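Peer 1: coords below, sequence missing:
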């Protein structure tokens with residue numbers, strides 16, 4: 001699509017860079033403390049959910065093994 005969209009003109013590379021720098025000047029970045037605190041929260045959450053999902057998985061293994069044992073007893077295997 002080499003033609004410009006109706007009502008819009010292609011901007012030059014220089015104009016694009018000016019607008020990009022202007023937008024970057026409006027950007028704010030988190031402080032070092034904010035990044036540290038957020039990282040700690042993420043790590044704690046990863047460990048918590050890993051432990052939680054491990055326990056849920058082990059619970060299901062226990063339930064399935066119990067049902068398998070019960071069905072084997074009923075079937076006489």
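Peer 2: Okay, I see it. Computed from a predicted model, the values in this text were never measured in an experiment. Numbering: from 1, shown residues only.
Peer 1: How is the residue nearest the centre of the chain classified with respect to secondary structure?
Peer 2: By Cα atoms, centre = their mean, the chain has its centre lying nearest to residue 42, at 10.7 Å. The three-state label given to residue 42 by DSSP: H, G, I helix; E, B strand; the rest coil is helix.
Peer 1: What pLDDT is listed against it?
Peer 2: Confidence at residue 42, expressed as pLDDT, is 98.
Peer 1: What are the boundaries of the helices in this structure?
Peer 2: Remark: helices assigned in the chain by DSSP state H are 13-25, 32-75.
Peer 1: looking at the protein, which helix or strand is least sure?
Peer 2: In the chain, no helix or strand scores lower on mean pLDDT, DSSP states H and E than helix 13-25, which sits at a mean of 93.
Peer 1: got a list of contacts for it?
Peer 2: Helix 13-25 is contacted from outside by residue 11, using Cβ atoms under 8 Å, 6 or more residues apart in numbering. For glycine as for every other residue, the C-beta is placed from the backbone atoms N, C-alpha and C.
Peer 1: For it, list every residue counted as buried.
Peer 2: Going by neighbour count (16 or more other Cβ atoms under 10 Å), nothing in helix 13-25 comes out as buried.
Peer 1: Any regions of the chain where pLDDT drops low?
Peer 2: For the chain, residues meeting the criterion pLDDT under 70 lie at 1-8.
Peer 1: try it again with 50
Peer 2: Within the chain, the stretches with pLDDT under 50 are 1-2.
Peer 1: Quickly note the distance from the residue of it most remote from its centre to residue 68.
Peer 2: Centroid-distance maximum for the chain: residue 76 at 48.2 Å, with Cα atoms, centre = their mean. Distance of residue 76 to residue 68, given as Cβ to Cβ, to the nearest Å: 14 Å.
Peer 1: now swap in residue 27 and tell me
Peer 2: Applying Cβ to Cβ to residue 27 and residue 68 gives a distance of 58 Å.
Peer 1: Give me the more crowded residue out of those two.
Peer 2: Using other Cβ atoms under 10 Å as the criterion, residue 27 and residue 68 rank with residue 68 on top: 11 against 6.
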